[in-house]
Structures are given as C-alpha cells and as structure tokens.
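In: Have a look at this prediction, sequence included:
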Amino acid sequence: MLTLILITCFRDWQSVQLRIKDHPEFNQFFFECPEDVPWTEYDLEGNETRIPYEVLDTSEAEKTYRNYVSGLQQEQKRLE
C-alpha cells in the first residue's frame, strides 16, 4: 500500500507539514496568510476555496493526520 508507506515515512507532524508545503500542487489547495494576520482573522475573499496553510499548525490537524495513519495501519493489518 503505497499511500501507507509514503505517509508513515514521515513520523512527525512537522515533517508532514513541510512535505505538504513543498508539494507541486500546494497552491491549488492551500494559501499562506500574511505574517501579520492570524489565519483565524483572515478575511477570505468570496470565492476562496483553498485552506489557510496555518490551519496545519493546530492540534486538530495533527490529530486528524494521526487518526488517518492509524486507520491505514489497521486496514493494512486486516488485509495481511
């Protein structure tokens, strides 16, 4: 399972975040808020569908990632 291998190669959340930021399609899905404006206060323009990159700094984002990896690992064990 290639997805599991790729995801579990990055054990810590910070490495995952950097990998996301370096991805060629980063700008298609994420944007970075100006440094002087917290993402929680950023005024999204009407048609903005991308996610503020800074959202990935939340504990909820890390928890979601860890739950996803755990689910993949459980599925892999089930298949074996």
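Out: That came in fine, so what should we check first?

In: Now do the contacts for the closest residue to residue 54 other than its chain neighbours.
Out: Excluding its sequence neighbours, the residue lying closest to residue 54 (C-beta to C-beta, 6 or more residues apart in numbering) is residue 39, at 3.9 Å. (Each C-beta comes from the backbone N, C-alpha and C, glycine too.) For residue 39, the contact set (C-beta atoms under 8 Å, 6 or more residues apart in numbering) comprises 33, 52, 53, 54, 55.

In: and what of residue 67?
Out: Going by C-beta under 8 Å, 6+ apart, residue 67 touches no other residue.

In: can you confirm it is in a helix?
Out: Yes - using DSSP: H, G, I helix; E, B strand; the rest coil, the assignment for residue 67 is a helix.

In: Quick check: it vs residue 73, distance?
Out: Counting by C-beta to C-beta, to the nearest Å, the gap from residue 67 to residue 73 is 11 Å.

In: and what of residue 40?
Out: Distance of residue 40 to residue 73, computed by C-beta to C-beta: 32 Å.

In: Okay, strands next: where are they in this structure?
Out: With DSSP state E as the criterion, the chain has strands at 30-31, 51-52.

In: how near is the residue nearest to residue 54 to residue 22?
Out: Relative to residue 22, residue 39 is positioned 20 Å away (C-beta to C-beta).

In: on that earlier part again, save the contacts of residue 39 as a markdown table, and put in distance to residue 80, neighbour count and pLDDT too.
Out: Listed next are these as a markdown table, based on distance: C-beta to C-beta, whole Å; neighbours: other C-beta atoms under 10 Å; pLDDT from 0 to 100:
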| residue | distance to residue 80 | neighbour count | pLDDT |
| --- | --- | --- | --- |
| 33 | 43 | 17 | 86 |
| 52 | 38 | 18 | 91 |
| 53 | 36 | 18 | 92 |
| 54 | 38 | 17 | 92 |
| 55 | 34 | 13 | 92 |
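
In: Save the strands of the chain as a markdown table, and put in distance to residue 44 too.
Out: Compiled in a markdown table, the strands of the chain are given as follows (distance: least, C-beta to C-beta, whole Å):
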| stretch | distance to residue 44 |
| --- | --- |
| strand 30-31 | 9 |
| strand 51-52 | 8 |
